[in-house]
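A.B. asks: Quick one, structure for this:
(one chain, ligands or ions: 2)
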Amino acid sequence: MFRERLQNINPFNSLGLRIFLIICLVGTIPVVLLRSIILNSYETRAISVRVSEIQNQCTILANHLVTYGYLEDPSSETVNTELDQFSSLYDGRIMIIDSDLKIIKDTYSISQGKIMISEEILRCFDKASISKHDKKNRYIEFTTPITDLETGSVIGVILTSVSTDNIAETIKIMGRKAYLFEIIAAVLTVCFAVFTTIYLLKPFRDVNTALIQVEEGFTEEKISVPAYNETKVISESFNRLMEKMKTLEASRQEFVSNVSHELKTPITSMKVLADSLILQEDVPIEIYREFMEDITAEIDREDKIINDLLSLVKLNRTSNDLMNITSVDVNRMVEDVLKRVRPIADRQKVDLIFESIRPVTAQIDEIKLSLAVMNVVENAIKYNKENGWVKVAVDADHQFFTVTVSDSGIGIPEESVAHIFERFYRVDKSHSREIGGTGLGLAIARSAILMHDGAIKVESTEGVGTAFTIKVPLKSLGIQPAATTKSSEENEDNEEKDK
Ligand SMILES: Nc1ncnc2c1ncn2[C@@H]1O[C@H](COP(=O)(O)OP(=O)(O)OP(=O)(O)O)[C@@H](O)[C@H]1O
Ligand SMILES: [Mg+2]
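C.D. replies: Ligands and ions are numbered 1, 2, ... in the order given. Predicted coordinates:
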């Protein structure tokens, strides 16, 4: 399964391949370097030993040449035999050059009698003996001065060139052995690299197998691969993600069942009302009218639920394009909201007070934040007492502005405070239904505020009143909304973060 998944992936991005290549390189490069270093230093050493050996022999030979007066008379049998033996012993050629630069003896008998002028020879007459190694043609050439024993002056030069074939041959044999060693080392390194890679990657394969088992539904258990710190961290992160997804799935299912229930309730009421009209004969027109008014109220309720749901869905879309950020006069925006809800407040006999502490201009999406303020103010009016009051205050510091909505209403029980931002949550279902709520208002408000990277906080005392504080950055970046199932506790965390 692990391999199948890897098929569509670029193999050069594979951790396994990288580990394999690194081990192969680390294993083989030193062997190759070692071979070339050993062979090179052997060659240098062998050449220098050979040069000093022959140089010694040539110095002895030069003394013999002087002793026998070979430069004046090159016919000495003894010296010529010595020169030929020397030449065949070292597989080389010896030329004796006198002070007139004339070759008086060539063991190859090719250049005898010719004049020889070369930099090496001229320098040798100045007592500077030179040796040079021609690697390509495989020979060493060097000069030895023939010095007059009495005057100490150079009276001739021995030019010796000897073959280095046997050294090259030895290097060749050594090289072949080294290649064999290299091949064995490379094979061993590759085997080691393969086993090490398989061994090192095993925990990652285990993580993947565990993930696949979860994905295919074989297990719902938490995965645990503690072999490496890395796999441990991956497993833990995955387990946390799974927990989050389970919570999200549970909340999604709850939301779907709530939506279905809420949408069904008005329809059921309408059906009951319509059925009772159909089943009764000769229904008086007043009853008809009353039932039809009830049906219209249920249709309005259904319409409100659908509109609220659509707003919520829109606010939960994860796209910044949906934010229409402009520079908004917040006091004016709040006043507009209050103008719209004033008829409801008047009907409920609730006093609506607006307090502008300072002028505030903020970069926000006016429609979305108006909706949030509207829902909170609407609640403050709806869940109020007769002759109660609602106070809306706008303030700001250098970073945030706040809209505080306090009321003298019925308050929220302590155990309910944590849930009021959940979708479809209502404290007193029967009472809220009487008032006409669906439990979506605060969820919508919270989503709109979170989209502005703001926070909403509530403080309430049952029977005394409630105060909602909306806090939004003056320059909103349009941060994405979180899942609306978060409780007000999490919301307060957000608040803490802002501080
Ligand atoms: N100012 C308040 N005073 C007392 N209770 C409140 C106040 N605001 C909200 N609540 C409680 O919180 C619940 C959730 O409020 P929310 O605005 O989400 O729903 P709703 O008002 O019932 O319906 P909707 O706003 O969708 O018409 C309300 O049902 C109510 O019980
Ligand atoms: Mg409401």
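A.B. asks: When you work out contacts or count neighbours from here on, use the C-alpha atoms and nothing else.
C.D. replies: Will do.
A.B. asks: List the contacts of the closest residue to S224 other than its chain neighbours.
C.D. replies: Leaving aside its sequence neighbours, S224 sits nearest to S235 (Cα to Cα, 6 or more residues apart in numbering; 5.8 Å). With contacts defined as Cα atoms under 8 Å, 6 or more residues apart in numbering, S235 is in contact with V207, I223, S224, V225.
A.B. asks: out of the residues you listed, which are inside strands?
C.D. replies: Among those, no member falls in strands (DSSP state E).
A.B. asks: from these, which is closest to T143?
C.D. replies: T143 lies nearest to V207 out of the contacts of S235, by Cα to Cα, at 75.0 Å.
A.B. asks: Please report how far that closest one lies from E216.
C.D. replies: 14 Å (Cα to Cα, to the nearest Å).
A.B. asks: who has more neighbours, those two?
C.D. replies: V207 (20 against 10; other Cα atoms under 10 Å).
A.B. asks: K222 is in contact with the more buried one, correct?
C.D. replies: No - using Cα atoms under 8 Å, V207 is not in contact with K222; the gap is 11.3 Å.
A.B. asks: And for E77, the neighbour number?
C.D. replies: Applying other Cα under 10 Å, we find 9 residues neighbouring E77.
A.B. asks: and the gap between it and ligand 1?
C.D. replies: 128 Å (Cα to the nearest ligand atom, to the nearest Å).
A.B. asks: next one: K172
C.D. replies: K172 is 91 Å from ligand 1, by Cα to the nearest ligand atom.
A.B. asks: element containing that residue, please.
C.D. replies: Assigned by DSSP states H and E, K172 belongs to helix 165-215.
A.B. asks: same for that helix, what does it pack against?
C.D. replies: helix 2-6, helix 15-67, helix 229-279 (3 or more Cα pairs under 8 Å, 6 or more residues apart in numbering; DSSP states H and E).
A.B. asks: Comparing those helices by mean pLDDT, which bottoms out?
C.D. replies: Here the lowest mean pLDDT among the helices and strands packed on helix 165-215 goes to helix 2-6, at a mean of 59.
A.B. asks: near ligand 1, which residues of the stretch 351-499 of the chain show up?
C.D. replies: By the rule Cα under 6 Å from any ligand atom, the part of the stretch 351-499 of the chain lying against ligand 1 is 375, 379-380, 383, 409-412, 420-421, 425-428, 432, 437-443, 466.
A.B. asks: switch to 5 Å and redo it
C.D. replies: Contact residues (Cα under 5 Å from any ligand atom) of the stretch 351-499 of the chain with ligand 1: 379-380, 383, 411-412, 420, 426-427, 437-442.
A.B. asks: Nearest to R138, out of these: which one, please.
C.D. replies: L442 (95.8 Å).
A.B. asks: which residues does T151 contact?
C.D. replies: T151 neighbours (Cα under 8 Å, 6+ apart): none.
A.B. asks: before we move on, which element is it in?
C.D. replies: Applying DSSP H and E, one finds T151 in no helix or strand.
A.B. asks: Give me the phi and psi angles of it.
C.D. replies: phi -80, psi -20 (degrees, to the nearest 10).
A.B. asks: Over to S109?
C.D. replies: The phi/psi pair for S109 (degrees, to the nearest 10) is phi 50, psi 40.
A.B. asks: That one: how many residues sit nearby?
C.D. replies: S109: 12 neighbours (other Cα under 10 Å).
A.B. asks: Surely H452 and I470 touch.
C.D. replies: No - using Cα under 8 Å, H452 is not in contact with I470, being 10.9 Å away.
A.B. asks: most neighbours, which of the residues of the stretch 351-499 of the chain next to ligand 1?
C.D. replies: Most crowded among those, counting by other Cα under 10 Å, is A380 at 30 neighbours.
A.B. asks: and that one, what does it touch?
C.D. replies: V390, V405, S406, D407, G409, T466.
A.B. asks: Please identify which helix or strand holds it.
C.D. replies: Going by DSSP H and E, A380 is part of helix 366-382.
A.B. asks: Just the buried residues of that helix, please?
C.D. replies: 366, 368-382 (16 or more other Cα atoms under 10 Å).
A.B. asks: I am finished for the moment; much appreciated.
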